[in-house]
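K.L.:
structure for the following, please:
(one chain, ligands or ions: 1)
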Amino acid sequence: MRASQQDFENAMNQVKLLKQDPGNQVKLKLYALYKQATDGPCNMPKPGVFDLVNKAKWEAWNSLGSLPKETARQNYVDLVSSLSPSAEASSQGKHEADEKAQKSKDIVVTSEDGITKIVLNRPTKKNALTFEMYQDIILALKNASTDNSAITVFTGTGDYYCSGNDLTNFTSAAGGMEEAASKGAVVLREFVNSFIDFPKPLVAVVNGPAVGIAVTLLGLFDAVYASDKATFHTPFSHLGQSPEACSSYTFPKIMGSAKATEMLLFGKKLTAREAWAQGLVSEVFPDSTFEKEVWTRLKGYAKLPPNSMRISKELIRNNEKEKLHAVNAEECTTLKAKWLSEECINAIMNFVSRKAKL
Ligand SMILES: CCCC/C=C/CC(=O)SCCNC(=O)CCNC(=O)[C@H](O)C(C)(C)COP(=O)(O)OP(=O)(O)OC[C@H]1O[C@@H](n2cnc3c(N)ncnc32)[C@H](O)[C@@H]1OP(=O)(O)O
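P.N.:
Take a look at the predicted model:
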């Protein structure tokens, strides 16, 4: 299969997220493939003998000769995927990769009865998502896409499903807001991409209130089951932010633009039944029987022929995958700028200094 422009852009983002320096040889190779994929064969004059760095780069690029742009793009994507954290894990064996995700501090991953369960496990902070948790979820989804389970389910521990992005992601970053915003945009893009591309049925079991990105992501799930104690709140304007997880596209499509506006612009909090009436939730259950009813049902679904479910999902998702990737990219660029705005910085500081909650 040929790497698309989107795959290429995703790979470029992944390079920025590498935890380990891949070494100069690999970096030169990446540079050369990137130049070949974007500019074509090297026709620049060779740098002088004392310009060591640029000479090495030129030689790496020039060595690719007339390699076609598409092949260079594919080779770049392949090389990055062999370096990415998830590939690092899978190259050491699938079992170890699963272990890595399962050992994660705030995400618990289990697989049983045909269901891979990804549990947000940070109840003292209402399951707010740290940078580390975003990365762990990306890895857990990557593993779940190829494990033996038929369906994958997200849920939360404690009274909340998830209170959204951990607002201290931005205030505790060593390099300050600017660096946090750049990192945030890259992480967010890859995180949302992993939901757009997830190949199996993805179900949210919303055990309690959901805030921010925990709500917007639901537009990319295949089914959403909610306790009647759950609420759905996207206070982006209150936080000086803008929508993410493709909700600027999925929400108007799911509920119509008038209802989407109330949520995404005015921050209207919905009850579980309101969210059901607007098409965001598949079904609402009484909290007292929620767990029992939902898991019984999901275990039944997990016995359905997995390939058939997968192919049906592919048919539905493929119609708009490209659009979703484009929306995700645009939302991330917009958010990166918003995170550096006075409106947003003030809102986050007010929360952190305990002056404001939602
Ligand atoms: C890099 C990708 C970025 C993607 C961007 C996504 C955008 C969003 O997700 S926007 C939504 C962000 N979330 C919020 O604004 C929620 C903020 N939290 C609250 O307003 C309240 O905590 C609450 C309404 C969720 C719960 O209130 P409650 O009174 O019941 O409990 P608390 O005492 O406030 O919370 C307990 C504990 O948890 C900490 N906490 C809760 N949510 C967050 C959060 N989102 N970020 C950081 N910390 C959070 C809260 O500070 C408390 O901590 P302490 O016990 O240490 O004080």
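
K.L.:
could I get the pLDDT score of the residue of the stretch 1-150 of the chain found nearest the ligand?
P.N.:
Closest residue of the stretch 1-150 of the chain to the ligand, C-beta to the nearest ligand atom: A128 (3.5 Å). For every residue, glycine as well, the C-beta is placed using N, CA and C. Here the pLDDT value assigned to A128 is 98.

K.L.:
so where do the strands sit in this protein?
P.N.:
107-112, 115-120, 151-156, 202-206, 210-211, 223-227, 231-233, 270-271, 283-285 (DSSP state E).

K.L.:
ranking those by burial, who's on top?
P.N.:
Comparing these by mean neighbour count (mean count of other C-beta atoms under 10 Å), strand 210-211 comes out on top with a mean of 26.

K.L.:
output the contacting helices and strands for that strand.
P.N.:
Secondary-structure packing of strand 210-211 (3 or more C-beta pairs under 8 Å, 6 or more residues apart in numbering; DSSP states H and E): strand 231-233.

K.L.:
list of residues touching the strand it packs on?
P.N.:
Strand 231-233 is contacted from outside by 209-212, 215, 218, 263, 267, 269-272, 274-275, 280-281, 358, using C-beta atoms under 8 Å, 6 or more residues apart in numbering.

K.L.:
ok, it near the ligand or not?
P.N.:
No. If you take C-beta under 6 Å from any ligand atom as the test, strand 231-233 misses the ligand, and the best it gets is 8.1 Å.

K.L.:
once you drop chain neighbours, what's closest to the residue in the chain that the ligand sits nearest to?
P.N.:
When scored by C-beta to the nearest ligand atom, the chain has G212 as its residue closest to the ligand, at 2.2 Å. Residue nearest to G212 in three dimensions, not counting chain neighbours: G164, with 2.6 Å by C-beta to C-beta, 6 or more residues apart in numbering.

K.L.:
before we move on, what about G40?
P.N.:
K69 (5.8 Å).

K.L.:
what parts of the stretch 51-200 of the chain come near the ligand?
P.N.:
125-126, 128, 163-169, 184, 187-188.

K.L.:
could you find the closest non-adjacent residue to the residue minimising distance to the centre of the chain?
P.N.:
Centroid check for the chain by C-alpha atoms, centre = their mean gives F191 as the closest residue, at 1.5 Å. Computed as C-beta to C-beta, 6+ apart, the closest residue to F191 that is not its neighbour in sequence is Y134, at 4.7 Å.

K.L.:
one step back: ok, the residue nearest to G40 - contacts?
P.N.:
36-38, 40.

K.L.:
now it: how far from Y34?
P.N.:
11 Å (C-beta to C-beta, to the nearest Å).

K.L.:
need the pLDDT of E179.
P.N.:
88.

K.L.:
the chain should start at 16 in everything you say after this.
P.N.:
I'll keep to 16 as the first residue from here, and by that count the last item is E194.

K.L.:
residues in contact with it?
P.N.:
A188.

K.L.:
any regions of the chain where pLDDT drops low?
P.N.:
16, 99-118, 370 (pLDDT under 70).

K.L.:
can we see that at 90?
P.N.:
16-44, 63-71, 75, 78, 82, 86, 89-120, 185-195, 364-373 (pLDDT under 90).

K.L.:
return the residue of it that is most distant from the centre.
P.N.:
V64 (44.5 Å).

K.L.:
so what's A344 closest to, chain neighbours aside?
P.N.:
R204 is the one closest to A344 (C-beta to C-beta, 6+ apart), at 6.5 Å.

K.L.:
A188 reaches K198, doesn't it?
P.N.:
Yes. Here A188 reaches K198: they are 7.1 Å apart, a contact under C-beta atoms under 8 Å.

K.L.:
would you mind listing which of the contacts of strand 246-248 are buried?
P.N.:
224-227, 230, 233, 278, 284-287, 289-290, 295-296 (16 or more other C-beta atoms under 10 Å).

K.L.:
which residues touch G38?
P.N.:
Applying C-beta under 8 Å, 6+ apart, no residues contact G38.
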